[in-house]
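K.L.:
model the following, please.
(chains A and B)
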Number of protein chains: 2
Amino acid sequence: MSSTFPRRRFLTGIGVGAGASALAATAATPAAAGSRQPAERSAEDTPVAREIVPFDGPHQAGIDTQSQAVAWVIAFDVKEGAGREQMRRLMRTWTEDARRMSRGEPSITELEPEMVAKPANLSFTVGFGEGFFDAIDRRDQKPDWLGPLPAYSRDRLEERWCGGDVMLQVCCDDPMTLSHATRYMIRNAGTYLDLRWIQDGFLNANGTRAPGETPRNRFGQLDGTVNPRTEEEFDEIVWIDSGPEWLRGGTSMVIRRIDMLIDLWELLDRKGREEVVGRTLDTGAPLGKEKEHDPADLELRDEFGLPVVDPKSHMARSMPADGKPGLQIRRRVYQYDHPPQPGSAESEDTGLMFICFQKDPLEQFDPIQRRLDEEDRLNEWIVHIGSAVFAIPGGTREDEYWAQSLLEG
Amino acid sequence: MSSTFPRRRFLTGIGVGAGASALAATAATPAAAGSRQPAERSAEDTPVAREIVPFDGPHQAGIDTQSQAVAWVIAFDVKEGAGREQMRRLMRTWTEDARRMSRGEPSITELEPEMVAKPANLSFTVGFGEGFFDAIDRRDQKPDWLGPLPAYSRDRLEERWCGGDVMLQVCCDDPMTLSHATRYMIRNAGTYLDLRWIQDGFLNANGTRAPGETPRNRFGQLDGTVNPRTEEEFDEIVWIDSGPEWLRGGTSMVIRRIDMLIDLWELLDRKGREEVVGRTLDTGAPLGKEKEHDPADLELRDEFGLPVVDPKSHMARSMPADGKPGLQIRRRVYQYDHPPQPGSAESEDTGLMFICFQKDPLEQFDPIQRRLDEEDRLNEWIVHIGSAVFAIPGGTREDEYWAQSLLEG
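P.N.:
Numbers count the residues shown, from 1 in each chain, chains lettered A, B, ... in the order given. From the prediction side, this is the model:
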């Protein structure tokens, strides 16, 4: 897999034209004169609408893609009686629809082309759970690591956020485009798949983050500081380069739903919060350091000879026990925040849609999670309530559909 | 009320500095070299984070303000035993917190100033339901029109989306700032108010709409074409200019929760959808016309002598029966789209958070809604499930708090 290439965002010709004519139309409306609507924003300020994440390539989109503002992850089960032939049909349709919508073009059966005219970095990622390989009668192709993660002592998993035979991750910088695109894909799956669960999440909006800026989570922490960034790091940590053809250039995805007990968190003072995490809240630097990306020093002592970084802090516990590097994952985390259900004891339903990608979840994610489960001061304020693992096929050429070599093999 | 002035967005000095230094920091990280993260976006592309909607003025923000990308509307009931003195304290605290957060500044008790550093057009709007005037023992100050709307024959109202003594609307172009700000305000209300309901909604994201562009709803329609735009129109339609001091420069707010039956809607073909609405889906023009803002002509006939616009279409029924202008409202509509509840018969939980502002809901909103309730082809695909009316006090001077003259009077 040396043929990796960076996905680039670019502007569509069509999109640019549409933007320009929209501006012209606006200028022509009588309402523009004497308007109290702020008009400092020009068409040049709306490039996000026209940005595109290329669909085809050696890897699927939505993995090394810079996180878009909003995301839905949808898990399905294969319907009774649907097999390899049906999954082939579904993947062919889904791939073509996703490919077109990614470009801001309507799919063949689209009745509302206006709803996909703002791709805004729309991306699609497909994955398969354990049950998929039974459904298509190809158990021989199931990766060894695919299945439920080992049970962790602090897990409080709810069935409604776990498992699934087929996974679709859809990310976008515009919630309206996302809403339409997810709906479209779900509807087209209806013949073959049953909906199992949907999780939705958000980040700081596009246009509010500088390039490379790490987003914050609802505990105020910069979330995603340690992450592969270069092609070499992605090759080493994320992309699978051996085994079955369909999985090359692919990866594994872990999704954990983590409830954040913000009512309790807010009882801590600022210093307390920083000690629990092991990093400062403002810059995200490891305690005792200055900048977000400074390496942590667990040996640092304060004037009383006490450790500056609590060895039980989240940051310290996230680091490998033996000091070896390599236990890394590609974190691509979203936040959720729903109005609380009536009658709920908590004042909010907020937390993390924790998503990570790595070659092997048992070799990379599990050891980190085991250490955190054993001991992590942050555990007092978080509860893992959902868990699933999916195998993510490699990318596509323009004439291919998702997982073609698996389904035609 | 001739002293209205347009609210302007402007950039904070602090914000500009922060943006610039964030960029510098990014350039300095080793990760920037050989990064596969798209980096076409520069700090100039993130002005949204620093945009501010002024808090003080003759009117509250969030009414004539151009709709931000995301919104929460929160309804509370006044706790048993809380009265005028408690509401005075709450409004003083809330006003000060909202005023500061609107500027991107932390409030006095804020432990996470980073979470409000991206105001992104954050705005707050407060309103009062009928019960508020009982709680503060000022029934004499209750506007005549304040109370539940008349029952409409097609209403299927659910108690959990109706009523409320106090209403807080929070809008922002960044979901993370919104999430923090709503949380902060809700927490500070806890001593005096009980949460009644929360509704959340979105639009096309900031950066995906050209200035003055009408957003689309989940039925694909341009939603909000007919709306006041000039100061004169706002004075005529929205701002109250008589009656009690605290209400001058204020208005009334109607919020209706409208479930959209998208499963059924999608059974219609494109022509059918346009006939139901009375407008084309692409430009939003009235049928038989070319542009969105062209006036509708209900007399137009096609080659067979049949009406081009169905007199039972949504657009035709929304127009006043007697052809008189004046029955206008300021529509400020958001979309909601939640993952469906497990076991739900519908494949989506999507619809409109329909919000409108007008001098008098009984004189302006009710006649329109009565006509639509009587007959509107769109009724087959929508269900009103929530309803509330609030009195919106006028704006504040910098040394005032919300509804001060009501609470100190």
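K.L.:
residue A:250 reaches residue A:391, doesn't it?
P.N.:
Yes - the pair residue A:250 / residue A:391 is scored as a contact, 6.8 Å apart, by Cβ atoms under 8 Å. Where C-beta positions appear, they are placed from N, C-alpha and C, glycine not excepted.
K.L.:
enumerate the residues of the stretch 301-409 of chain A near chain B.
P.N.:
With Cβ under 8 Å from any Cβ of the partner chain as the criterion, the stretch 301-409 of chain A comes near chain B at residues A:335, A:337, A:338, A:339, A:340, A:342, A:347, A:348, A:350.
K.L.:
pretty sure residue A:79 sits against residue A:196.
P.N.:
No - contact criterion Cβ under 8 Å: residue A:79 and residue A:196 do not qualify, at 11.5 Å.
K.L.:
neighbour count: the two, which is higher?
P.N.:
residue A:196 (21 against 15; other Cβ atoms under 10 Å in any protein chain shown).
K.L.:
confirm the more buried one sits in a strand?
P.N.:
Yes - Residue A:196: assigned to a strand according to DSSP: H, G, I helix; E, B strand; the rest coil.
K.L.:
quick check, pLDDT for it.
P.N.:
With respect to pLDDT, residue A:196 scores 94.
K.L.:
CA-only coordinates of stretch A:128-139 in PDB, if you can.
P.N.:
Taking Å, rounded to 0.1, in the frame of the first residue of the first chain, the C-alpha atoms of stretch A:128-139 are listed here in PDB:
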ATOM      1  CA  PHE A 128     -19.100  -4.900   8.300                       C
ATOM      2  CA  GLY A 129     -19.800  -6.600  11.600                       C
ATOM      3  CA  GLU A 130     -19.300 -10.300  12.400                       C
ATOM      4  CA  GLY A 131     -22.800 -11.300  11.300                       C
ATOM      5  CA  PHE A 132     -22.300 -10.000   7.800                       C
ATOM      6  CA  PHE A 133     -19.900 -12.800   7.000                       C
ATOM      7  CA  ASP A 134     -22.500 -15.400   8.100                       C
ATOM      8  CA  ALA A 135     -25.100 -13.700   5.900                       C
ATOM      9  CA  ILE A 136     -23.000 -13.800   2.800                       C
ATOM     10  CA  ASP A 137     -21.700 -17.300   3.700                       C
ATOM     11  CA  ARG A 138     -18.000 -16.200   3.700                       C
ATOM     12  CA  ARG A 139     -17.000 -17.000   7.300                       C
END
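K.L.:
where does the stretch 301-409 of chain A have low pLDDT?
P.N.:
A:321-327, A:341-346 (pLDDT under 70).
K.L.:
residue in it with the shortest distance to chain B?
P.N.:
Taking Cβ to the nearest Cβ, chain B has its nearest neighbour within the stretch 301-409 of chain A at residue A:339, 3.5 Å off.
K.L.:
and the residues of the stretch 301-409 of chain A next to chain B as a markdown table, adding secondary structure and distance to residue B:146?
P.N.:
Formatted as a markdown table, those follow (DSSP: H, G, I helix; E, B strand; the rest coil; distance: Cβ to Cβ, whole Å):
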| residue | secondary structure | distance to residue B:146 |
| --- | --- | --- |
| A:335 | strand | 37 |
| A:337 | strand | 31 |
| A:338 | strand | 30 |
| A:339 | coil | 25 |
| A:340 | coil | 27 |
| A:342 | coil | 25 |
| A:347 | coil | 28 |
| A:348 | coil | 30 |
| A:350 | strand | 33 |
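K.L.:
narrow these to just the buried residues.
P.N.:
Listed as buried from these are A:335, A:337, A:339, A:348, A:350; burial here means 16 or more other Cβ atoms under 10 Å in any protein chain shown.
K.L.:
max pairwise distance over those residues: which two?
P.N.:
Using Cβ to Cβ, those span at most 14.6 Å, a distance reached by A:335 and A:339.
K.L.:
tell me which stretches of chain A form strands.
P.N.:
A:10-11, A:51-52, A:70-78, A:123-128, A:166-172, A:193-202, A:251-260, A:330-331, A:334-338, A:349-358, A:382-392 (DSSP state E).
K.L.:
what's the neighbour count on the residue lying closest to residue A:131 once chain neighbours are set aside?
P.N.:
Of all residues not flanking residue A:131 in the chain, residue A:165 sits nearest, at 4.0 Å (Cβ to Cβ, 6 or more residues apart in numbering or on different chains). Counted with other Cβ under 10 Å, residues neighbouring residue A:165 total 25.
K.L.:
hmm, residue A:165 is touching residue A:80, no?
P.N.:
No - contact status for residue A:165 versus residue A:80: not in contact, 11.7 Å apart, counting by Cβ under 8 Å.
K.L.:
which one is residue A:103 nearest to, not counting chain neighbours?
P.N.:
residue A:52 (6.1 Å).
K.L.:
and the gap between the one you found and residue A:290?
P.N.:
Computed as Cβ to Cβ, to the nearest Å, the residue A:52 to residue A:290 distance reads 38 Å.
K.L.:
the two - which one has more neighbours?
P.N.:
Taking neighbours as other Cβ under 10 Å, residue A:52 and residue A:290 compare with residue A:52 leading, 21 against 9.
K.L.:
remind me, longest helix of chain A?
P.N.:
helix A:84-102 (DSSP state H).
K.L.:
pLDDT (mean, whole number) over that one?
P.N.:
Per-residue scores along helix A:84-102 average to 97.
K.L.:
so residue A:301 sits right up against residue A:287, yeah?
P.N.:
No - taking contacts as Cβ under 8 Å, residue A:301 lies outside contact range of residue A:287: 11.8 Å.
K.L.:
which of these two has more neighbours?
P.N.:
The residue with more neighbours, out of residue A:301 and residue A:287, is residue A:287; 22 against 11, by other Cβ under 10 Å.
K.L.:
does the more buried one touch residue A:281 like I think?
P.N.:
No - with contacts counted by Cβ under 8 Å, residue A:287 stays clear of residue A:281, the gap being 10.7 Å.
K.L.:
now for these two: what residues contact both?
P.N.:
Residues within reach of residue A:287 and of residue A:281 at once, by Cβ atoms under 8 Å, 6 or more residues apart in numbering or on different chains, are residue A:274.
K.L.:
show me where the stretch 1-150 of chain A has helices.
P.N.:
According to DSSP state H, counting those that start in this stretch, the stretch 1-150 of chain A carries its helices in the segments A:13-28, A:84-102, A:130-135.
K.L.:
what's the shortest one in contact with?
P.N.:
In other words, helix A:130-135. A:77-78, A:82-84, A:87, A:139, A:141-142, A:146-148, A:163-166.
K.L.:
in it, what counts as buried?
P.N.:
By 16+ other Cβ under 10 Å, the buried positions in helix A:130-135 come out as A:130, A:131, A:132, A:133, A:135.
K.L.:
wait, which of those is closest to residue A:237?
P.N.:
residue A:130 (23.3 Å).
K.L.:
now for residue A:301 and residue A:287: what residues contact both?
P.N.:
residue A:308.
K.L.:
how far away is residue A:251 from residue A:72?
P.N.:
Residue A:251 is 20 Å from residue A:72, by Cβ to Cβ.
K.L.:
neighbour count for these two, which is higher?
P.N.:
The neighbour count for residue A:251 versus residue A:72, taken as other Cβ under 10 Å, is higher for residue A:251 (28 against 25).
K.L.:
which residues does that one contact?
P.N.:
The contact partners of residue A:251, by Cβ under 8 Å, 6+ apart, come to A:59, A:63, A:238, A:239, A:240, A:330, A:357, A:358, A:359, A:392.
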